[in-house]
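[1] Here is a sequence with its predicted model. Questions after.
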Amino acid sequence: MKLEFSSTLPSPEEYVAMREAAGLSAKALETATKGLPNSLFGVTIRDNGKLVGMGRVIGDGACFFEIVDIAVNPSYQGQGLGKKIMQMIDQYLASEAMEGSYVSMIADKPGFYEKLGYKRTNPEAEGMYKRL
C-alpha cells in the first residue's frame, strides 16, 4: 500500500463513487461536475492512483468556511486517514481563515471531530438543512 496525500479534488466520477462507497448521500454526476470546481480547498488520498479518501472546504473564503465530504473508503477506515484529511484541512484553514471567520460542518460522527478541537453548536445554536 502506497498512499499519496494531495491538496487536490477528486474527479466528479471519483467523487460520486466515493460518497456512495463511504455511505454518504448520493450526488448526481451533473451536480458534482458543477459543484467541485467551486471548492476552496480539497484533499485526496490515493492508493496507487485509486481514490481512497477525500475532503473539501467550501465557502466564501473569508467570513465562512464549511467542511464537507469527509469520506474514507470502508476498506481503509480505522487507519487514521480521516484524521489526516482533517489535519490537512485544518492547515489550510489556519493559513486562510481570518480573525472572526466561522468554520462549520454537519458532523455525522461528532465525537471524531470533537477530538480534533471542534465543538457542538448546541444549545446556543442548532444546525439546520433543507434538502432540495
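    Sure, I can see it.
[2] where along the chain do the strands fall?
    Counting by DSSP state E, one finds strands in the chain at the ranges 3-6, 41-47, 50-59, 64-72, 102-104.
[3] okay if I get those strands as CSV plus distance to Glu96, mean pLDDT and mean neighbour count?
    From N, CA and C alone the C-beta is placed, and that goes for glycine too. Below are the strands of the chain laid out as CSV (distance: least, CB to CB, whole Å; pLDDT from 0 to 100; neighbours: other CB atoms under 10 Å):
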stretch, distance to Glu96, mean pLDDT, mean neighbour count
strand 3-6, 18, 97, 13
strand 41-47, 8, 98, 22
strand 50-59, 8, 98, 21
strand 64-72, 8, 97, 21
strand 102-104, 10, 95, 13
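[4] Tell me which residue lies nearest the centroid of this protein.
    Gly55 (2.8 Å; CA atoms, centre = their mean).
[5] give me every residue that touches that residue.
    Counting by CB atoms under 8 Å, 6 or more residues apart in numbering, Gly55 touches Gly42, Val43, Ile67, Val68, Asp69, Ile70, Ala71, Ile85, Met86, Met88, Ile89.
[6] Isn't Thr33 up against Pro12?
    Yes. Contact criterion CB atoms under 8 Å: Thr33 and Pro12 qualify, at 4.4 Å.
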